[in-house]
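Colleague: Here's a sequence, model it:
(chains A, B, C, D, E and F)
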Amino acid sequence: MKIGVMVNEGPYNHQASDTAYQFVKAALAKGHQIYRVFFYNDGVNNATKLTEPPQDDRHVVNRWSKLAQEHGLDLVVCVAAGLRRGLVEDNLAPGFRISGLGQLVEAGIQADRLVVFGD
Amino acid sequence: MKIGVMVNEGPYNHQASDTAYQFVKAALAKGHQIYRVFFYNDGVNNATKLTEPPQDDRHVVNRWSKLAQEHGLDLVVCVAAGLRRGLVEDNLAPGFRISGLGQLVEAGIQADRLVVFGD
Amino acid sequence: MDLDEGASGVVKKFMYVNRKAPYGTIYALEGLEVVLISAAFDQDVSLAFLDDGVYQLVKGQQTRGIEVKNFSPTYRALEGYDIEKLYVERESLEARGLTEGELIVPVEVMGRDEIVRRMEEQDVVIAF
Amino acid sequence: MDLDEGASGVVKKFMYVNRKAPYGTIYALEGLEVVLISAAFDQDVSLAFLDDGVYQLVKGQQTRGIEVKNFSPTYRALEGYDIEKLYVERESLEARGLTEGELIVPVEVMGRDEIVRRMEEQDVVIAF
Amino acid sequence: MLHIVNKSPFEKTTLASCLAHAGPGAAVLLIEDGVYGATKGNAVEDAVRGALGRTAVYALAPDLEARGMKDRVIEGVKTVDYEGFVDLVAEHKTSQSWL
Amino acid sequence: MLHIVNKSPFEKTTLASCLAHAGPGAAVLLIEDGVYGATKGNAVEDAVRGALGRTAVYALAPDLEARGMKDRVIEGVKTVDYEGFVDLVAEHKTSQSWL
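Modeller: Modelled structure (predicted):
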């Protein structure tokens, strides 16, 4: 099944991005296709390459980048939400791309399911 | 009176930073001293110089920078909270400085009042 | 924006569920931005307002004092985008002491059971 | 960290009010980080746990499944920082079906009136 | 003590918890989405009116205006602007934000 | 429809609103801080037990374990891991997150 995912909160402050990550990993393990992960609202902050969490903590951003690389995930950051919050090409982590809100609607149309993670 | 301020949410997503800004402006207008504004939790995201909000919207980051310049405000971003969220010297807006959590406790000790703005 | 897919012929029922008050958080505004974009995709779009979401539609919003943009007039522009299904939950209005006449835009006020019935018909539900 | 001021002789009553559950948001963890730093300043520090904050202290937290660090053992380390005033609101425990014996660290359980009395004595209150 | 509440009482339980913890002589300031708690005709009005006997309740006027609520304020709730907010902070030794 | 709730019922009103909007045949999945709503001995247990007659209620096991709540789950609430979460999404045409 093709599943779209929307992540609406940034890393660490809320569990939303963690839960979305575990959900995506589990969906891939079960053989589903992740059509796209769309980052909106403060969720755009998951895509900054500048985070350096404490050594004993998970690295939320790198974990997304790695999963994208391993599974060819399409990680899309909303351009308008990103500009509001200072997430632009300059600080974009590997595996993410910046695009328009239309990519969210399109995921809703093309995927069989859309699951939203937020606050 | 010496007033300390703590801001715990980032720009745009929550009104906290807007309210803190209006509060600080009003306190200055009334002749109070703002001892320090301390940015914690997602509040560190107020200090990124990379934001470009829509033309018809307020510029939350630049507004803080300008107020700091005009009134010699001490805008302090928590280093640990900043590292978790990708707010570092590289993307720090003018008028902010990065320092430790001790600066918050010190503001609590030295200021006559401490007011917290969050979600 | 990639609009190619809008022409693919798939028409799904999208409901945007608005449950949050305006200004305290950005969800109402950025939710509205999704709605506006979705108009370009020729889908079957509806908006439901329940819980504090009904506050988004209250007349007379004046945001000069908080120095934040008043986006409430945008709801009146939705009709121009052919987004005309605005459902407001009666129970949510009543709990807040609001009446239909106090809303900025024409809506269909309906009971919770009817809101639920329409939610269940959807293909995609995005709640803010 | 600038510790000079800790030696300035000013001793204030600081209360950190913990009202949020752990893990769903970072407030409990980053609140605890403030508490640990504050120990270096020789102030009169207390922690109050009320509302969902009492969940922070529940025994048996196992976070491997969510891949987030379990920070609950840190509460046991507070004593080593001379932070020994941990107040837990009885009404908050009871509303959640929790008992003092289920908490990870020794605390003083007290009624809401007593919590309020101690809040009102403070110079600085930071709530997370 | 000055208690500050910034969330709608229909969305979060912070106003209820705050009112339950506001001691004698305390003041409660409603800001941001918290100002809905200062309005009448709704399901929480009675709780706020009940608190008015024990506690001074204020609401931030710019937030009421932004939300179209300025003509709905419960009698006995005082409105303040940002300068009035500053005065309330100055008048009370301690403030607590119920986040 | 699969309804997803991620907030504590003591902190926010999302669980109450969700249960009031869960139609016949709907399922409710409690995740993150929402799992406290799946536990017994507390002030919201009756509301959740009442919903069990009309609606299937699930809770995410990793979130229960993280919070020390895994032995407190109300009888009749089923626990699932992340793969079970994926199955629930696949089994229901639509999901709605009550944020």
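Colleague: so who does the closest residue to chain E within chain A touch?
Modeller: Residue nearest to chain E within chain A: residue A:119 (11.6 Å; C-beta to the nearest C-beta). For the C-beta atoms, the positions are set from N, CA and C on the backbone; glycine is no exception. Contact analysis of residue A:119 by C-beta atoms under 8 Å, 6 or more residues apart in numbering or on different chains lists A:8-9, A:14, A:16, D:25, F:6, F:99.
Colleague: tell me which element it is part of?
Modeller: Assigned by DSSP states H and E, residue A:119 falls within no helix or strand.
Colleague: could you show me where the helices are in the chain, in order?
Modeller: In the absence of a named chain, this looks at chain A. A:16-29, A:60-71, A:79-85, A:102-110 (DSSP state H).
Colleague: oops, chain C please
Modeller: C:27-38, C:73-77, C:90-95, C:112-120.
Colleague: Same list (the ones you listed) but as CSV, adding mean pLDDT, distance to chain D and mean neighbour count.
Modeller: Output for these, formatted as CSV (pLDDT from 0 to 100; distance: least, C-beta to the nearest C-beta, whole Å; neighbours: other C-beta atoms under 10 Å in any protein chain shown):
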stretch, mean pLDDT, distance to chain D, mean neighbour count
helix C:27-38, 97, 16, 21
helix C:73-77, 97, 30, 15
helix C:90-95, 98, 23, 18
helix C:112-120, 97, 25, 17
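Colleague: wait, which of the ones you listed is closest to residue B:100?
Modeller: helix C:27-38 (32.8 Å; C-beta to C-beta).
Colleague: Run a quick neighbour tally on residue 50.
Modeller: With no chain named, the answer covers chain A. Residue A:50 sits with 19 neighbouring residues when counted by other C-beta atoms under 10 Å in any protein chain shown.
Colleague: actually chain C
Modeller: 23.
Colleague: Kindly report the same for the one 10 residues further on.
Modeller: Residues within reach of residue C:60, counting by other C-beta under 10 Å, total 13.
Colleague: who's in contact with it?
Modeller: E:68, E:70-71.
Colleague: at 6 Å instead, please
Modeller: For residue C:60, the contacting residues are residue E:68, by C-beta atoms under 6 Å, 6 or more residues apart in numbering or on different chains.
Colleague: could you dump the helices of chain A to a markdown table with mean pLDDT and distance to chain E?
Modeller: A markdown table is the format used below for the helices of chain A (pLDDT from 0 to 100; distance: least, C-beta to the nearest C-beta, whole Å):
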| stretch | mean pLDDT | distance to chain E |
| --- | --- | --- |
| helix A:16-29 | 98 | 17 |
| helix A:60-71 | 98 | 23 |
| helix A:79-85 | 98 | 19 |
| helix A:102-110 | 98 | 24 |
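Colleague: right, and the helix or strand after the helix or strand of chain E with the lowest mean pLDDT?
Modeller: None of the helices or strands of chain E scores lower by mean pLDDT, DSSP states H and E than helix E:45-52, at a mean of 96. Next in sequence after helix E:45-52, counting helices and strands by DSSP H and E, comes strand E:56-60.
Colleague: now the angle from that next one to helix E:45-52?
Modeller: 120 degrees (axes from the mean of the first three to the mean of the last three C-alpha atoms, to 10 degrees).
Colleague: Buried residues in strand E:56-60, which are they?
Modeller: E:56-60 (16 or more other C-beta atoms under 10 Å in any protein chain shown).
Colleague: Does chain C have contacts with whatever helix or strand comes next after that strand?
Modeller: Next in sequence after strand E:56-60, counting helices and strands by DSSP H and E, comes helix E:61-66. Yes: using C-beta under 6 Å from any C-beta of the partner chain, helix E:61-66 reaches chain C at E:62, E:65-66.
Colleague: circling back to that earlier point, relative to residue D:54, how far out is the residue of chain A closest to chain E?
Modeller: Separation of residue A:119 from residue D:54 (C-beta to C-beta, to the nearest Å): 21 Å.
Colleague: so residue A:108 touches residue C:123, yeah?
Modeller: No: look at residue A:108 against residue C:123 with C-beta atoms under 6 Å: they stay out of range, at 7.9 Å.
Colleague: which of the two has more neighbours?
Modeller: A direct count of neighbours by other C-beta under 10 Å for residue A:108 and residue C:123 places residue A:108 higher, at 25 against 19.
Colleague: For the more buried one, which non-adjacent residue is closest in space?
Modeller: For residue A:108, ignoring the flanking residues on the chain, the nearest one in space by C-beta to C-beta, 6 or more residues apart in numbering or on different chains is residue C:124 at 4.3 Å.
Colleague: so how far is residue A:101 from the one you found?
Modeller: From residue C:124 to residue A:101 the distance is 14 Å (C-beta to C-beta).
Colleague: residue ranges for the strands of chain C, please.
Modeller: C:13-18, C:44-49, C:85-89, C:108-110, C:124-127 (DSSP state E).
Colleague: most packed of the ones you listed?
Modeller: The highest average neighbour count among these, using mean count of other C-beta atoms under 10 Å in any protein chain shown, belongs to strand C:124-127 at a mean of 24.
Colleague: contacts for that one?
Modeller: With C-beta under 6 Å, 6+ apart, strand C:124-127 has contacts from A:108, A:114, C:12, C:14-17, C:19, F:94, F:96-97.
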